[in-house]
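J.: how would this look folded up:
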Amino acid sequence: MTDKINLKAAIVAGIIAGVVFMMLEMVLVGTVGGQSPWGPPQMIAAMAMGKGVLPPPAAFDPVIMAVAMMIHLVLSILLGVVLGWVISHWRLSLVAAIVAGIGFGLLVYFLNFYVMTAVFPWFAMARGGISIFAHAAFGLVLGWAYSAIAKPNHSERLHNA
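T.: Sure thing, here's the model as predicted:
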């Protein structure tokens, strides 16, 4: 890897990590948390659609889910670019990128659930172990995916795609 970010790798890694995060968060909220798995997407969609889409009821709504995924994936791509820059700039090994990714995911958790709650106060109710774990997993997957995809042999395939 060079110290120049591979933008395509950052975008793809952001999408991969974002999808993994959303699936993990919904599964854990629905199983370990004992709540509706549709709650997290409703909280995300409320950022654009307003508090009126917040549960109850926490049920599937295709429009809310689409809005939530658009917001979430755009943010995941932006975070992929930030972490991709860090990994490339510091020329981190795969293991170091994964560790940095976990730390990055935890930083994102702190910003989301303790800073952004000034604007979106409903996220405060989701503070806790499930969200911490899901954000750490997001960072892990993001660091791993960017490093794996940004390898020279992978970047040539992405460039030609």
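
J.: pretty sure residue 122 sits against residue 50.
T.: No: using C-beta atoms under 8 Å, residue 122 and residue 50 do not qualify as a contacting pair, with a distance of 10.7 Å. Where C-beta positions appear, they are placed from N, C-alpha and C, glycine not excepted.

J.: for these two, indicate the residue with more neighbours.
T.: residue 122 (15 against 9; other C-beta atoms under 10 Å).

J.: tell me who's in contact with the more buried one.
T.: 43, 46, 51, 54 (C-beta atoms under 8 Å, 6 or more residues apart in numbering).

J.: can I get those residues in TSV including distance to residue 27?
T.: Formatted as TSV, these follow (distance: C-beta to C-beta, whole Å):
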residue	distance to residue 27
43	16
46	21
51	25
54	20
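
J.: if any of these are buried, put those into a ChimeraX selection.
T.: To isolate the buried ones among these in ChimeraX, judged by 16 or more other C-beta atoms under 10 Å, type:
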select :43,46,54
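
J.: which strand or helix spans residue 131?
T.: helix 129-149 (DSSP states H and E).

J.: any low-confidence regions in this protein?
T.: The chain contains residues with pLDDT under 70 at 1-2, 153-161.

J.: one more time with 50
T.: 1, 155 (pLDDT under 50).

J.: spatially central, which residue of it would that be?
T.: residue 18 (4.0 Å; C-alpha atoms, centre = their mean).

J.: so residue 132 touches residue 107, yeah?
T.: No: taking contacts as C-beta under 8 Å, residue 132 lies outside contact range of residue 107: 11.6 Å.

J.: check which helices and strands the helix ranked longest in the chain sits against.
T.: Ranked by residue count and defined by DSSP state H, the top helix of the chain is helix 62-89. Contacts defined by 3 or more C-beta pairs under 8 Å, 6 or more residues apart in numbering; DSSP states H and E place helix 62-89 against helix 7-31, helix 39-49, helix 94-110, helix 129-149.
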